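K.L.:
Sequence plus the predicted model coming up.
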Amino acid sequence: MIQLMQVNNPTVWLVNGLALYTLISKLVFDNIYLTSKMVVDEEFHLPLGEAYCNFNFSVWDPKVTTLPGLYLTSALLLGPLGLCQLYYLRFTSLLASIVNIPLLHILFSKYHPEGKWTNLCSSFTLALLPPLYFCSHVYYTDIVSLTMVLLVIVMYEKHCHLGASIFGCLAVLCRQTNIIWVLFVAGQYSMKALYITCEPKQSKSERFDMDGLLVVMKQLLKSPVKQTIQTYLRFWKGITSYLAVGVSFLIFLYINGGIVVGDKTAHEATIHLPQFFYFSLFCFVFLWPYFGSQSLDFLSFMKTHKMLTTIFLLLGLLIVHSNTLVHPYMLADNRHYVFYIWNRFYGKYAFFKYLMVPVYMFSLYIITKTIYNSGDVIYLLMYVICVFVVLVTQRLIEFRYYFIPYILLRLKIGSRVPLPTFCLILEFLTAVFINVLTLKLFFTKTIIWSNYVDPQRLIW
């Protein structure tokens, strides 16, 4: 009887799954290590990681544009053990990827308490998201950064706002733009606090629907000072925790003269609206089974709202025509898939970028509908604002920018209606297939650069 209960226990399967994930990933990790001792941006990260790991905090590379959170993590984990070699520095990312799986499982269980097995499968499928999975084997900032952001969200969902703010500071140390995801949870917390002040009888509500938003807006317009003061007094601990992170970041911006440290010319802020479109395409590619299952709903929407659909189509064409920007890196660095996607499709055929607008429309509709149908309108509001700030200000198309927005979307799929099993299976198989294909290309395809002795490899 006890054995049967253990077999049917998702926690047991989570532990077993983590063991299998670790074993397989370790094999992949070792092969990547044997194949290449320096993968693209590791050229800048590895020397600093080694220095910090040896507790030498006086060195810096002006070409590095992020704060030293990754290197400090390496110093904390590896420094006391004297494991500061390339192999172990990279292992920091793999270790963080393993930690991310139970964190994802906690969030899935929070958002979908009834879907125990679906939550388990979704957690591992997300960890296998191909661009994310590859970064788990190299010394990049992305995986540790994601771990910190997930800890922020987990602490917020556990109503531990001081803990969320502490991890928020650590997240910003890994990547400055993570301040947006601290504001993402702080905005939800503040709006919920205002709602409780305006409608105390509804204080136990877990969802913030459109009626709740209207109540808050009405009360704020009626007596903004009174409502704000009352809310602040009632929730001062949580709010001041998030405010402390925000104020500290503003001080950093003032002292640093901008959000980017080091080489500011490579990451100048701009307005690049098609980033929303590229992100929606990214979601479509990796979530195509779910998106496909919603296609009839999109066709119904177009049939019912012909004028609105036409307006969105024309607006999309206008944005693509007037605001398509190309970063020099995209045209020069043939070690990334974006180089080939752009040069063989977007840059080669003038009509291609316009042809993709209906695909963007479909994808953006599914994304918006998915989050709105979860029943938490403030989540949707904060999501749109934060994704806009994170992506639209970037000229460079970089898949790594999409990780957190993608995960936040994926967490909401199936909130009201359970995700069909066939969608989950196909999503998992898609991730596995693309991972196998891209790893094969990494191991077998070499790219010769005259200024490097060792051959370069194709990565995300």
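P.N.:
Perfect, thanks for sending it.
K.L.:
shaky segments in the stretch 101-250 of the chain?
P.N.:
197-213, 215-217, 219-221, 223-235, 237 (pLDDT under 70).
K.L.:
where do the helices sit along it?
P.N.:
Along the stretch 101-250 of the chain, counting by DSSP state H, counting those that start in this stretch, helices occupy 116-127, 130-135, 142-157, 161-174, 179-198, 210-222, 224-234, 236-256.
K.L.:
Figure out which of those is closest to Asn323.
P.N.:
helix 179-198 (21.0 Å; C-beta to C-beta). C-beta: built from backbone N, CA, C; applies to glycine.
K.L.:
Does anything pack onto that closest one? Which helices or strands?
P.N.:
Helix 179-198 sits against helix 142-157, helix 161-174, helix 210-222, helix 224-234, helix 236-256, helix 377-392, with contacts defined as 3 or more C-beta pairs under 8 Å, 6 or more residues apart in numbering; DSSP states H and E.
K.L.:
Dump those to JSON lines, plus distance to Leu287 and mean neighbour count.
P.N.:
Below are these laid out as JSON lines (distance: least, C-beta to C-beta, whole Å; neighbours: other C-beta atoms under 10 Å):
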{"stretch": "helix 142-157", "distance to Leu287": "18", "mean neighbour count": "24"}
{"stretch": "helix 161-174", "distance to Leu287": "25", "mean neighbour count": "22"}
{"stretch": "helix 210-222", "distance to Leu287": "25", "mean neighbour count": "15"}
{"stretch": "helix 224-234", "distance to Leu287": "37", "mean neighbour count": "14"}
{"stretch": "helix 236-256", "distance to Leu287": "31", "mean neighbour count": "15"}
{"stretch": "helix 377-392", "distance to Leu287": "16", "mean neighbour count": "19"}
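K.L.:
Okay, domains of this protein per the record?
P.N.:
As recorded under automatic domain parsing, the domains making up the chain are 1-140+421-460, 144-264, 269-419.
K.L.:
how distant is the longest one from the center of its chain?
P.N.:
Going back to what we said before, that points to domain 1-140+421-460. In terms of C-alpha atoms, centre = their mean, to the nearest Å, the centre of domain 1-140+421-460 is set 14 Å apart from its chain centre.
K.L.:
Next: the last one.
P.N.:
With C-alpha atoms, centre = their mean as the basis, the distance from the averaged C-alpha position of domain 269-419 to the chain average is 14 Å.
K.L.:
Just the endpoints, please. Distance across it?
P.N.:
38 Å (C-alpha to C-alpha, to the nearest Å).
K.L.:
now that domain: mean pLDDT?
P.N.:
Throughout domain 269-419, pLDDT has a mean value of 93.
K.L.:
can I get the helices and strands packed on helix 179-198 in JSON lines with distance to Leu67?
P.N.:
Converted to JSON lines, those look like this (distance: least, C-beta to C-beta, whole Å):
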{"stretch": "helix 142-157", "distance to Leu67": "10"}
{"stretch": "helix 161-174", "distance to Leu67": "5"}
{"stretch": "helix 210-222", "distance to Leu67": "35"}
{"stretch": "helix 224-234", "distance to Leu67": "30"}
{"stretch": "helix 236-256", "distance to Leu67": "9"}
{"stretch": "helix 377-392", "distance to Leu67": "16"}
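K.L.:
and of the ones you listed, who's closest to Phe57?
P.N.:
Across those, closest to Phe57 is helix 161-174 (C-beta to C-beta), at 13.0 Å.
K.L.:
Convert the C-alpha atoms of the closest one to PDB, please.
P.N.:
Only the C-alpha atoms of helix 161-174 are listed here, as PDB (Å, rounded to 0.1, in the frame of the first residue of the first chain):
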ATOM      1  CA  HIS A 161       7.600  40.200   0.400                       C
ATOM      2  CA  LEU A 162      10.800  40.900   2.300                       C
ATOM      3  CA  GLY A 163      12.200  37.600   0.800                       C
ATOM      4  CA  ALA A 164      11.000  38.600  -2.700                       C
ATOM      5  CA  SER A 165      12.800  42.000  -2.400                       C
ATOM      6  CA  ILE A 166      16.000  40.400  -1.200                       C
ATOM      7  CA  PHE A 167      16.000  38.000  -4.200                       C
ATOM      8  CA  GLY A 168      15.000  41.000  -6.300                       C
ATOM      9  CA  CYS A 169      18.300  42.700  -5.400                       C
ATOM     10  CA  LEU A 170      20.200  39.500  -6.300                       C
ATOM     11  CA  ALA A 171      18.300  39.200  -9.600                       C
ATOM     12  CA  VAL A 172      19.300  42.800 -10.500                       C
ATOM     13  CA  LEU A 173      22.900  41.900  -9.700                       C
ATOM     14  CA  CYS A 174      22.700  39.200 -12.300                       C
END
